[in-house]
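Colleague: Sequence first, predicted model second:
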Number of protein chains: 4
Amino acid sequence: MNTLLIDKNGKKLFKHITSKEEANTHFGIISKKDINKSTGKAKTHTGYEFEAYEPSFLEKVENMQMGSRPIYPYDSGIMGALLSIKKGTKVLESGTGSGGNTTYLAELEAEIDTYEQNEQFFKKAEKNLEQYKNVKTNLGNVLEADLKKSHYDVIFLDLQNPSEAVEKLNNSLKKGGFVGVYSPIMDDIKPVWRKLEELEYIDIRAIQLDVKELIVKKYARVKGLMGFPGFFIWARKR
Amino acid sequence: MNTLLIDKNGKKLFKHITSKEEANTHFGIISKKDINKSTGKAKTHTGYEFEAYEPSFLEKVENMQMGSRPIYPYDSGIMGALLSIKKGTKVLESGTGSGGNTTYLAELEAEIDTYEQNEQFFKKAEKNLEQYKNVKTNLGNVLEADLKKSHYDVIFLDLQNPSEAVEKLNNSLKKGGFVGVYSPIMDDIKPVWRKLEELEYIDIRAIQLDVKELIVKKYARVKGLMGFPGFFIWARKR
Amino acid sequence: MNTLLIDKNGKKLFKHITSKEEANTHFGIISKKDINKSTGKAKTHTGYEFEAYEPSFLEKVENMQMGSRPIYPYDSGIMGALLSIKKGTKVLESGTGSGGNTTYLAELEAEIDTYEQNEQFFKKAEKNLEQYKNVKTNLGNVLEADLKKSHYDVIFLDLQNPSEAVEKLNNSLKKGGFVGVYSPIMDDIKPVWRKLEELEYIDIRAIQLDVKELIVKKYARVKGLMGFPGFFIWARKR
Amino acid sequence: MNTLLIDKNGKKLFKHITSKEEANTHFGIISKKDINKSTGKAKTHTGYEFEAYEPSFLEKVENMQMGSRPIYPYDSGIMGALLSIKKGTKVLESGTGSGGNTTYLAELEAEIDTYEQNEQFFKKAEKNLEQYKNVKTNLGNVLEADLKKSHYDVIFLDLQNPSEAVEKLNNSLKKGGFVGVYSPIMDDIKPVWRKLEELEYIDIRAIQLDVKELIVKKYARVKGLMGFPGFFIWARKR
């Protein structure tokens, strides 16, 4: 269980309450049973009182163990919405990476099978995702996996050579289901689009993800790009 | 129940199956019982066979009865993710508008109380949202509503004079909860930010929502902005 | 000579004063000699008085005879600045298109040789550009032209298959000179970049041109993209 | 005179040849007379041979002495084009800042009067701009300057409280001339626009300047925003 603690100086701590059901802080040990997120309070064994809240989706991903650069919830949110992902949606995801996008989909209570072939990434992601019963992490190449036919509502891809993957995974996607390809690489857009045309997918669309962050100090200004801009192509299978 | 039908020429129809449990098409009457979304097929009384799918979030909002310009799922998705909205999140929303954002939140199975003071907008939104048991539509000014204290996990605002609303609704938001303000108006950013500072909210941030759509015909190009660009400010209450 | 006339209702007219040195208006004939841009006034033969100004770069391009979609001055301005184009800069341009970019460069008093192989485009561009003594329009394929070696300070390309053109025109560019490639097509970026690397150009850079227009009515909002977004790659020859 | 030198390892040096007409390098002293930009070569007193080129507009501004953050040529280029600035255009500019925008306008051979009230900025800008005979630098507040009436073709403002300045400087702008206001601050857009309406300027328009830089290594990607994004409002006086 992850908890956001805020001390009396406003300093934020992100604490993972382990299987021992407690965590250390500078103000003493905090036990799971002494965290009350509905009152927003948590007491350490020394009597120090923190504010305690459920971390936001963004804080969860920002505080993950990073193997590779994760997809952050601002990008996952738009992609999830365009893929109509919600509770119960059966999602095939590859690669898992650090599990950033998986975390977002898991919080929405989608049912996710996620594949990662890099063992180091896999181990970190496995740890990041262990709390989600609706996530099944898999070590290995999704293209070699033994997947059920017409099983998934959504296939979400963030991997090299995505057009090949779209073709090879096509059979495991239900009719009416969506495939979505995220990539930071401009070169991927056309081949994926072409492959989707070839496979007779409908409603093929693509966007550029480049959220700009604003800041207000004395005045309101543009601060810069939020995260790392990528591209997203999605379509529906007939 | 809304259904996306596709005829043999690939033409899409968006059909609302009414309380009479049927809808008319150019190829005959289609009954709820003859729509099988798991096989992706639907037959009319004349024997014509459509493909039948669950509409995407985007198609649902695009096919709503429009009172005012809705917030589309690509914007709702990013805002919902930044507000950590998921199944069970108690959301206070105002104004409802056409119910575009409400539809997205309803699909995520959040518990939404939504207020709209314009009676014409309200009537259309009520109809658009009637299928969602987790949405309570309210006609009236949210600032005059009798709201429970510290009740909501999230307050989502898309209304005039948002900084005033942030202040007046502050009491109904739980500690640790999030307020989010969407506005197409640049002038709203600073006053909302200032009000959030004054109320000692934490993690105040703002973004510019301007998703660019790409198109691949012979080549990959930028097509233009997707929807109407707006701004979003959000923060956590302590 | 082009002149911007504004009538007493504020309506704008863009008038090309022909070789006959006069032009027709709804309020009578206006002669070149009766236009005084320094007082901002012009009188017709009926005595009606217009305001008369030099058209802006943007108005000049917007009022051209269009063969193909021109490059507008907001895009030409940034590209010209990155290519360090000014009075006297020897520029090879292809294709001319409608002459939009050529007009901008001509106004800066660069010395431009411009090539267009489409005869219809060429004829319109020739007319649009006839007033500029520093522009030499050429009908034909620039790749087959007999160009002087190491002659140009800048080569500006807006044509199909730009990486091939970069290679073939390399000899006509001075050492230390700049090549710039404009394209609305994402697919062009990588091959041009690679060709520039192969030819050992330095300071290879690329940008996405997507100027957003704002509008203030009751409030300040984003109106949409200004023009059609494109890409620009530029580098210096050693 | 500024010169871009490139050594045999491809390392770039930006050298300002002083009044002594020479500059030091790691490979010996280089004299003005030994720099030949048309052959692209320069020899030091030890016989070492550099490549020698005219610096680009961008390199000139990047290598200025910085008092404040300059406006870079990619932004100056678009603004200059929208203000129709070219050789001979009489421009009033304030503030000078480090002289970045002034440098661009000076290279175009506009006739610029530029004001800066911060003495430290002024001193650096004066040095940066001393080579341009078409630039007159002024220390002081432009609003208190004794300016000729209806004298300037263009007024370019990058200062605090720009709407006040637009009003006070209105008299010094010719009829038919352009005013342009650059600001990194969103809050400035509406008051400037309103003031221009009040003063009955025509063709009031505004843009958001946010050029994105791309990079091609193995693949083409978006690298981030180029420079610091700002806003620009411009209009024509009647």
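Modeller: Yep, it's here.

Colleague: is it true that A:E54 touches A:M1?
Modeller: No: contact criterion CB atoms under 8 Å: A:E54 and A:M1 do not qualify, at 9.4 Å. From N, CA and C alone the C-beta is placed, and that goes for glycine too.

Colleague: Between the two, point out the one with more neighbours.
Modeller: The neighbour count for A:E54 versus A:M1, taken as other CB atoms under 10 Å in any protein chain shown, is higher for A:E54 (17 against 13).

Colleague: Quick test: name the residue nearest the centre of chain A.
Modeller: A:N101 (1.6 Å; CA atoms, centre = their mean).

Colleague: Just give me how far stretch A:211-231 sits from the chain centre.
Modeller: Relative to the chain's own centre, stretch A:211-231 is displaced by 21 Å; criterion: CA atoms, centre = their mean, to the nearest Å.

Colleague: does any part of that stretch sit near chain C?
Modeller: No: using CB under 8 Å from any CB of the partner chain, stretch A:211-231 never reaches chain C; the gap is at least 9.2 Å.

Colleague: Quick check: nearest residue in space to A:L139, chain neighbours excluded?
Modeller: Closest residue to A:L139 apart from its sequence neighbours, by CB to CB, 6 or more residues apart in numbering or on different chains: A:F122 at 4.6 Å.

Colleague: how about that neighbour, secondary structure?
Modeller: Following DSSP: H, G, I helix; E, B strand; the rest coil, the label given to A:F122 is helix.

Colleague: in terms of contact, does it touch A:E116 like I think?
Modeller: Yes: if you go by CB under 8 Å, A:F122 and A:E116 touch, sitting 4.3 Å apart.

Colleague: any low-confidence regions in chain A?
Modeller: Along chain A, segments meeting pLDDT under 70 span A:18-19.

Colleague: Point out the residues in chain A that sit beside chain D.
Modeller: Checking chain A against chain D by CB under 8 Å from any CB, the hits are A:184-188, A:208, A:210, A:212, A:214, A:219-222, A:224-225, A:228-230.

Colleague: Of those, select the buried ones using a PyMOL command.
Modeller: A single PyMOL command selects the buried members of the residues of chain A next to chain D (16 or more other CB atoms under 10 Å in any protein chain shown):
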select buried, chain A and resi 184+185+186+187+188+208+210+212+214+220+221+222+225+228+229+230
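
Colleague: filter the residues of chain A next to chain D by proximity to chain B?
Modeller: A:M186, A:Q208, A:D210, A:K212, A:L214, A:Y219, A:A220, A:V222.

Colleague: for the fourth one, what are its contacts?
Modeller: With contacts taken as CB atoms under 8 Å, 6 or more residues apart in numbering or on different chains, A:K212 has the following neighbours: A:V222, A:K223, A:G224, A:L225, A:M226, B:I207, B:Q208, B:D210, D:D210, D:L225, D:P229.

Colleague: okay, the residues you listed in TSV with secondary structure next?
Modeller: Formatted as TSV, the contacts of A:K212 follow (three-state DSSP):
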residue	secondary structure
A:V222	strand
A:K223	strand
A:G224	strand
A:L225	strand
A:M226	coil
B:I207	strand
B:Q208	strand
B:D210	coil
D:D210	coil
D:L225	strand
D:P229	coil
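
Colleague: From those, pick the one nearest C:E126.
Modeller: Of all these, C:E126 sits closest to D:D210, with 36.4 Å by CB to CB.

Colleague: how close does the closest residue to that closest one other than its chain neighbours get to D:R221?
Modeller: Leaving aside its chain neighbours, D:D210 sits nearest to D:P229 (4.0 Å; criterion: CB to CB, 6+ apart). As defined by CB to CB, to the nearest Å, D:P229 lies at a distance of 19 Å from D:R221.

Colleague: Could you do A:L129 as well?
Modeller: On the measure of CB to CB, A:L129 and D:R221 end up 27 Å apart.

Colleague: Then A:I215 would be within a strand, right?
Modeller: Yes: applying three-state DSSP, one finds A:I215 inside a strand.

Colleague: tell me the contacts of the residue in chain A positioned nearest to chain C?
Modeller: Taking CB to the nearest CB as the measure, chain A has A:M186 as its residue closest to chain C, at 5.1 Å. Each residue near A:M186 by CB under 8 Å, 6+ apart is listed here: A:F231, B:A220, C:M186, C:I189, C:K190, D:L214, D:Y219, D:A220, D:R221, D:V222.

Colleague: Would you mind listing what in chain A touches chain C?
Modeller: A:M186, A:D187, A:I189, A:K190.

Colleague: what's near enough to touch A:E213?
Modeller: Contact analysis of A:E213 by CB under 8 Å, 6+ apart lists A:V222, A:K223, A:G224, A:L225, A:M226, B:R205, B:A206, B:I207, B:Q208.

Colleague: actually A:E49, not the one I typed
Modeller: Shown in contact with A:E49 (CB under 8 Å, 6+ apart): A:K8, A:K41, A:A42, A:K43.

Colleague: before we move on, what about A:M226?
Modeller: Neighbours of A:M226 in contact, by CB under 8 Å, 6+ apart: A:Y74, A:V211, A:K212, A:E213, B:I207.
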